[in-house]
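Undergrad: Okay, predicted coordinates and the sequence, questions at the end:
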Amino acid sequence: MISSDRAVDFRASVTMLQLGQIMVAAPQFDGMEPTRTTRLTRRSDPELWMLTLVSAGVMQLEQGRNRAQSAIGDLVV
């Protein structure tokens, strides 16, 4: 599920590039709050890794009782 304070004028785009077994994605989006349930997380591919470079704004992650905030230039696995 995704929610946003900007639901009326929310904009998002993604550019994708396949490099062999690696998929490179460059998403751009307004502020949003995605939520994944434990059930959805367990259904995902355990072989999938995501490396994110924060290039604008901040990114806040929360899992259980743990919370981390990343800023421009940070890499998040």
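TA: Sure, I can see it. Residues are numbered from 1 along each chain as shown.
Undergrad: tell me the contacts of Met50?
TA: Met50 sits next to Val77 when contact means C-beta atoms under 8 Å, 6 or more residues apart in numbering. C-beta coordinates here come from the backbone N, C-alpha and C atoms, glycine included.
Undergrad: Let's verify the spatially closest residue to Pro27 that is not a sequence neighbour: helix, strand, or coil?
TA: Excluding its sequence neighbours, the residue lying closest to Pro27 (C-beta to C-beta, 6 or more residues apart in numbering) is Val14, at 4.3 Å. What DSSP: H, G, I helix; E, B strand; the rest coil gives for Val14 is strand.
Undergrad: same question, Trp49
TA: Assignment for Trp49 (three-state DSSP): coil.
Undergrad: Show me the shaky parts of the protein.
TA: Across the chain, nothing is flagged by pLDDT under 70.
Undergrad: So which residues of this protein form strands?
TA: 2-3, 12-19, 22-29, 33-34, 52-53, 58-63, 66-71, 75-76 (DSSP state E).
Undergrad: So what touches the fourth one?
TA: Residues outside strand 33-34 that contact it (C-beta under 8 Å, 6+ apart) are Met1, Ile2, Ser3, Ser4.
Undergrad: Give me the sheet partners of that strand and which way each runs.
TA: strand 2-3 (antiparallel) (DSSP bridges).
Undergrad: on that earlier part again, looking at the strands of the chain, which is closest to Leu40?
TA: Of all the strands of the chain, strand 33-34 sits nearest to Leu40, with 10.6 Å by C-beta to C-beta.
Undergrad: Could you single out the most deeply buried of the strands of the chain?
TA: Most buried of the strands of the chain, by mean neighbour count (mean count of other C-beta atoms under 10 Å): strand 52-53, with a mean of 13.
Undergrad: Counting by contacts, list what that strand packs against.
TA: strand 75-76 (3 or more C-beta pairs under 8 Å, 6 or more residues apart in numbering; DSSP states H and E).
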